[in-house]
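Enquirer: sequence plus the predicted model coming up.
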Amino acid sequence: MAPSEEDGGGNGAVEEKEKGKKRKLGALATAWLIFYNVAMTAGWLVLGIAMVRFYIQKGTHRGLFRSVQKTLKFFQTFALLEVVHCAVVRTSVLVTGVQVSSRIFMVWFIAHSIKQIQNEESVILFLVVWTVTEITRYSFYTFNLLNHLPYFIKWARYNFFIILYPAGVAGELLTIYAALPYVKKTGMFSLRLPNKYNVSFDYYYFLIIVMFSYVPLFPQLYFHMLRQRRRVLHGEVIVEKDD
Ligand SMILES: CCCCCCCCCCCCC[C@@H](O)CC(=O)SCCNC(=O)CCNC(=O)[C@H](O)C(C)(C)COP(=O)(O)OP(=O)(O)OC[C@H]1O[C@@H](n2cnc3c(N)ncnc32)[C@H](O)[C@@H]1OP(=O)(O)O
């Protein structure tokens with residue numbers, strides 16, 4: 001059987017040092033986080049099972065987003081609480097904020113608002129990637145809080161992202177790209193002059209800026225995860241600057 005943290009299957013002295021650095025959570029915060037993580041693991045599992053069932057029954061990805069969108073919207077929006085959790089867990093507000101806001105943006109301001117792109121393969125790509133990531137991540141947090149973390153979950157959390165992160169980003173960028181012609185044609189969410197506020201806003205150009213913003217932001221998230229990987233899997237002591 002794969003060793004668990006308790007079995008001492010980790011990295012000896014360095015791990016002890018890491019454990020020593022862990023923030024002590026109060027009983028109420030621990031109980032809430034266990035509830036939150038179990039609920040999120042279950043939610044993303046339900047979503048994953050629904051996607052597999054849909055595909056087996058219909059033999060196509062067309063209509064898949066529509067059939068799972070309520071569950072997706074609920075659980076991805078619920079993840080906003082993660083920014084609040086930064087007050088009690090040792091996680092970066094900046095990294096978490098960028099991660100959560102880009103997801104919320106994809107769900108509500110792209111996939112929900114632009115029905116014409118819901119059947120794009122790229123939507124299925126990011127949906128599958130997010131689902132695998134979140135089932136792994138929330139089960140990692142749950143078992144970690146219970147001090148019974150199986151090694152394969154820890155391994156999955158700090159290895160899957162190497163492929164899943166670029167794949168998810170590709171799915172998101174291709175989806176925004178596919179949305180551009182509809183946004184340009186309809187002028188949705190845009191404000192043209194003249195108007196009583198005397199401001200103009202063009203959602204089409206905003207989306208192009210969002211796409212370009214992945215260039216500086218994504219590497220920061222990716223390298224952050226690579227550093228976390230070295231710290232957690234290989235016991236490297238990494239000094240990170242506070243937000
Ligand atoms: C308005 C328009 C905005 C547009 C913005 C456009 C720019 C976008 C650029 C960014 C693109 C992102 C795209 C993204 O959506 C694509 C994907 O997600 S693809 C799927 C692959 N993704 C991943 O694998 C995500 C991996 N990333 C992360 O996991 C993140 O780094 C993050 C979730 C943010 C976590 O970051 P961090 O390293 O800070 O935290 P840890 O998870 O290591 O946690 C630190 C400690 O806190 C404890 N913790 C955290 N949360 C909990 C919890 N819920 N319950 C219990 N404990 C928790 C954790 O255990 C750690 O504790 P310790 O160190 O003591 O063990």
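Expert: Yes, it's here. As the structure is a prediction and not an experimental result, all values here were calculated from the model.
Enquirer: who touches Thr71 in this structure?
Expert: By CB atoms under 8 Å, 6 or more residues apart in numbering, Thr71 lies in contact with 43, 46-47, 50. (Glycine included, C-beta is placed from N, CA and C.)
Enquirer: out of those residues, which comes closest to Pro216?
Expert: Among the contacts of Thr71, Leu47 lies closest to Pro216 (CB to CB), at 30.4 Å.
Enquirer: how many residues are close by that closest one?
Expert: Applying other CB atoms under 10 Å, we find 23 residues neighbouring Leu47.
Enquirer: apart from its chain neighbours, what residue comes closest to it?
Expert: Of all residues not flanking Leu47 in the chain, Thr71 sits nearest, at 4.9 Å (CB to CB, 6 or more residues apart in numbering).
Enquirer: kindly export the helix or strand encompassing that neighbour (C-alpha atoms) in PDB.
Expert: According to DSSP states H and E, Thr71 maps onto helix 64-78. Provided in PDB are the C-alpha atoms of helix 64-78 (Å, rounded to 0.1, in the frame of the first residue of the first chain):
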ATOM      1  CA  LEU A  64     -22.800  18.500 -22.500                       C
ATOM      2  CA  PHE A  65     -22.200  22.000 -21.100                       C
ATOM      3  CA  ARG A  66     -25.900  22.700 -21.100                       C
ATOM      4  CA  SER A  67     -26.600  19.600 -19.100                       C
ATOM      5  CA  VAL A  68     -24.000  20.200 -16.400                       C
ATOM      6  CA  GLN A  69     -24.000  23.900 -16.200                       C
ATOM      7  CA  LYS A  70     -26.000  24.300 -13.000                       C
ATOM      8  CA  THR A  71     -23.700  22.100 -11.100                       C
ATOM      9  CA  LEU A  72     -20.600  23.800 -12.600                       C
ATOM     10  CA  LYS A  73     -21.900  27.300 -11.800                       C
ATOM     11  CA  PHE A  74     -22.800  26.400  -8.300                       C
ATOM     12  CA  PHE A  75     -19.500  24.800  -7.300                       C
ATOM     13  CA  GLN A  76     -17.200  27.100  -9.200                       C
ATOM     14  CA  THR A  77     -19.000  30.100  -7.700                       C
ATOM     15  CA  PHE A  78     -18.800  28.600  -4.300                       C
END
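Enquirer: give me the neighbour count for the residue of the chain found nearest the ligand.
Expert: Closest approach of the chain to the ligand (CB to the nearest ligand atom) occurs at Gly168, with a separation of 2.2 Å. Neighbours of Gly168 under the rule other CB under 10 Å: 23.
Enquirer: need the residues of the chain near the ligand, please.
Expert: Residues of the chain found near the ligand (CB under 6 Å from any ligand atom) are 22, 33, 37, 85, 89-92, 95-96, 98-99, 101-103, 105, 129-130, 133, 137, 141, 144-145, 161, 164-165, 168-169, 172, 210, 213-214, 217-218, 221, 224-225, 228.
Enquirer: can you tell me which of those end up in strands?
Expert: Among these, no member is found in strands (DSSP state E).
Enquirer: are any of these buried, and which?
Expert: 33, 37, 85, 92, 95-96, 98-99, 102-103, 129-130, 133, 137, 141, 144-145, 161, 164-165, 168-169, 172, 210, 217-218, 221, 224-225, 228 (16 or more other CB atoms under 10 Å).
Enquirer: tell me the mean pLDDT for the helix or strand where Ala156 lies?
Expert: Counting by DSSP H and E, the element that carries Ala156 is helix 151-157. For helix 151-157, mean pLDDT is 96.
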